[in-house]
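Q: Here's my sequence, what's the structure:
(one chain, ligands or ions: 1)
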Amino acid sequence: MDAAAAVPLPLARARADQVAMLYGGWARTTASMLFGGLLFCAAMRDETAIGLMAGWFALVIANQAIRYALLRAWLAARPGIGATARWGRYWSYGSAAAGALWGFAAIAMFPSAPAHQALSIVCLFGVVLGGLNLTAVYKASFYGFVLPALVPLIVRVGLEGGPVHLYTALVMSVVLAFVLAFGHRLNDVLTDALATRHRNADLIDELKERTRAALDARTAAEAANRGKSQLLAAASHDLRQPLHALGLFVAALARRVEDAEAAPLVASVRGALQALEAQFSQLIDLSRLEAGALEPARERVVLKSLFDRLERDFGVEARARGLGLAFVPTRTTVDSDPALVERMLRNLIANALRYTRRGGVVVGARRRGPDIAIEVVDSGVGIAPEHRQRIFEEFYQVQTPGTGSARGMGLGLAIVRRFAALLGHRLELASERGRGSRFRIVLPRAPDATGARPKDDRGGHPLAGACIAVIDDDPSAVEGMRALFAAQGAQVAGGAHAEAVLAALGEAGRYPDLIVADLRLADDANGLDAIALLRDQFGTTIPALVVSGDLRESSEREVRGAGLALLSKPVVPASLEAAATGLVAAARG
Ligand code: ADP
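A: Numbers count the residues shown, from 1 in each chain. As a prediction, this is how the structure comes out:
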């Protein structure tokens, strides 16, 4: 049975290569056998019977002819690695026969004249040494040829007797030992080199395979990530709808409830809803960061407008908790992404209020060379030095008993840190335990625009008596807005698409003072087109703003590209009111 299966694969392949080299060397072997044989016969022609020589030479030719047939058989069989040893053995029999013919010649044609004796020795060693590179390819073939070729000669020379012949036989024995050792070593080196070549080829194949697998995995991961972003955008859009409507209803309800017992309940519902919205927004922010779906769009941000909005949104909570909340008046403008910088400040202010029991929170902006440092300073519990790095990690929270309202999820500061990194803004923290903390966002100042007036400056009650066209395919959102704006004396003409709103406006006999449109409407309709249609119809530029739960960057760009303000769902009712008031007031001049 072949033993090839038991040897390691690269070695087995090396052996197969060696057998192939044996068979591939047939022509050269034949040439050296015939040439050597002719030379030998020529040298011995005076000493040997011609018939013997011819017979011997015919046997040499016959052996090579048999080996040619073997070569053909091998070529036809194209044997696999498993059959290596067998085909190696077949060839070695041929080598042994060739060696035996030389050994026979050394004995049967051994000349009596010393000069001819020397010639025959040179001839035989010449044939063996000259063919070393062919025979040493395979050990069985090598030993099979060399030993039967030279041992009879050495014995024959020794049998001549006398010191010269004995000495010659001794020297020939030593040379034979060297030849055997050399051939053996040559074979080992060759085997090793071939096995190494196969090992390297295997490694390269494996490397190629792994590289391809890694590339496949990366492509799959990228596809999954894209899928995740799309799923996220779609899911958050659906989740935002009801949250958005709920917020509007609760805000409207809060205004109308006069019952002393019901009022605190509504306030609690409002508080819980706000907490839900904040946590939802944080989760969405984090998922968008994870999905790499955030591309900051930098522009000039008027801090006054931002501070006013934050003051309105956080003022109620601060007052409810008996804390001061002051925004230092500023005319500064910064260069940042307005939505992201607002999120960061919201998280910092929410934390400052949450972790403060007495005193309050001050938010301000100061110049720092070419930069602006926006600071959120509180007189709260402070942060121990060992936590100051780690609080910026996801889900890291410090156990601080008895602080503020419901704890968050440990994501607020992680989002602040990642937004800051995305925008290239620096974050700084100074804190003293029991005395308070100061968080700072350092960001570039934008050149002041002369005569710029913050859009949401209020004057009087611009919404009273106004007509607001609301386009939203979610009826509950339309009703929520109706309830919210009704509380300010404004009328809402709403519908699921532009045509429905036009009809409602016609019925009411009103001209819209403001359009509020959802970005994605039913039947693939687009809020921007709806706005354009209404504007076309009324032949003027009616102020408009877009509300959307669609988180994709492309959507944000689309709205901004149309020169419109975008509020994301669920909208904070106070922000919606402020934006609507600002736009209507500005349009009235
Ligand atoms: P959380 O949702 O717990 O507020 P954050 O990531 O916003 O998560 O904050 C992480 C931790 O940092 C908080 O648990 C809190 O212990 C600490 N921390 C954050 N802001 C303040 C602050 N202004 N004063 C004291 N501790 C703070």
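Q: For this structure, which residues are neighbours of the ligand?
A: Residues of the chain that fall close to the ligand, judged by C-beta under 6 Å from any ligand atom: 351-352, 355, 378, 380-383, 391, 396-398, 400, 407-414, 437. Where C-beta positions appear, they are placed from N, C-alpha and C, glycine not excepted.
Q: switch to 8 Å and redo it
A: Neighbours of the ligand within the chain, by C-beta under 8 Å from any ligand atom: 282, 347-348, 350-352, 354-356, 376, 378, 380-383, 387, 391-392, 394, 396-400, 403, 407-416, 431, 436-437, 439.
Q: can you map out the helices along the stretch 51-200 of the chain?
A: Using DSSP state H, counting those that start in this stretch, the helices found in the stretch 51-200 of the chain span residues 84-108, 114-130, 132-135, 139-159, 162-256.
Q: now the ones you listed as JSON lines including mean neighbour count and mean pLDDT?
A: Below are the helices of the stretch 51-200 of the chain laid out as JSON lines (neighbours: other C-beta atoms under 10 Å; pLDDT from 0 to 100):
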{"stretch": "helix 84-108", "mean neighbour count": "21", "mean pLDDT": "94"}
{"stretch": "helix 114-130", "mean neighbour count": "17", "mean pLDDT": "89"}
{"stretch": "helix 132-135", "mean neighbour count": "19", "mean pLDDT": "84"}
{"stretch": "helix 139-159", "mean neighbour count": "21", "mean pLDDT": "95"}
{"stretch": "helix 162-256", "mean neighbour count": "14", "mean pLDDT": "86"}
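Q: Compare those helices and give me the one nearest residue 307.
A: Closest to residue 307 of the helices of the stretch 51-200 of the chain, according to C-beta to C-beta: helix 162-256, at 21.5 Å.
Q: Next, the angle helix 114-130 makes with that closest one.
A: Helix 162-256 runs at 0 degrees relative to helix 114-130, counting by axes from the mean of the first three to the mean of the last three C-alpha atoms, to 10 degrees.
Q: Can you list the buried residues in the next helix-or-strand element following helix 162-256?
A: As assigned by DSSP states H and E, the chain's next helix or strand after helix 162-256 is helix 262-290. For helix 262-290, burial by neighbour count (16 or more other C-beta atoms under 10 Å) applies to 266, 270-271, 273-274, 277-278, 281-289.
Q: and the next helix or strand after helix 262-290, which strands flank it?
A: Tracing the chain past helix 262-290, the next element assigned as helix or strand by DSSP H and E is strand 299-302. Strand 299-302 sits in its sheet next to strand 333-336 (antiparallel), going by DSSP bridges.
Q: what about the stretch 401-550 of the chain, any weak spots by pLDDT?
A: Applying pLDDT under 70 to the stretch 401-550 of the chain picks out residues 401-407, 448-461, 539-540.
Q: which stretches of it form helices?
A: Ranges of helices within the stretch 401-550 of the chain are 412-423, 475-486, 498-508, 527-538, based on DSSP H, counting those that start in this stretch.
Q: Adding distance to residue 577, write the helices of the stretch 51-200 of the chain out as a markdown table.
A: Below are these laid out as a markdown table (distance: least, C-beta to C-beta, whole Å):
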| stretch | distance to residue 577 |
| --- | --- |
| helix 84-108 | 88 |
| helix 114-130 | 105 |
| helix 132-135 | 97 |
| helix 139-159 | 96 |
| helix 162-256 | 8 |
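Q: I'd like to know which of those is closest to residue 446.
A: Going by C-beta to C-beta, the one of these nearest residue 446 is helix 162-256, 29.8 Å.
Q: chain center to stretch 65-75, what's the gap?
A: When distances are taken as C-alpha atoms, centre = their mean, to the nearest Å, stretch 65-75 is centred 56 Å away from the chain's centroid.
Q: tell me the average confidence for it?
A: Stretch 65-75 carries an average pLDDT of 96.
Q: Could you export that stretch as PDB, CA atoms only?
A: Written as PDB, here are the backbone C-alpha positions of stretch 65-75 (Å, rounded to 0.1, in the frame of the first residue of the first chain):
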ATOM      1  CA  ALA A  65      13.300   1.200 -24.400                       C
ATOM      2  CA  ILE A  66      11.400  -0.500 -21.500                       C
ATOM      3  CA  ARG A  67      11.800   2.700 -19.500                       C
ATOM      4  CA  TYR A  68      10.400   4.700 -22.400                       C
ATOM      5  CA  ALA A  69       7.300   2.400 -22.400                       C
ATOM      6  CA  LEU A  70       7.100   3.100 -18.700                       C
ATOM      7  CA  LEU A  71       7.300   6.800 -19.400                       C
ATOM      8  CA  ARG A  72       4.400   6.600 -21.800                       C
ATOM      9  CA  ALA A  73       2.400   4.600 -19.300                       C
ATOM     10  CA  TRP A  74       3.100   7.200 -16.600                       C
ATOM     11  CA  LEU A  75       2.100  10.100 -19.000                       C
END
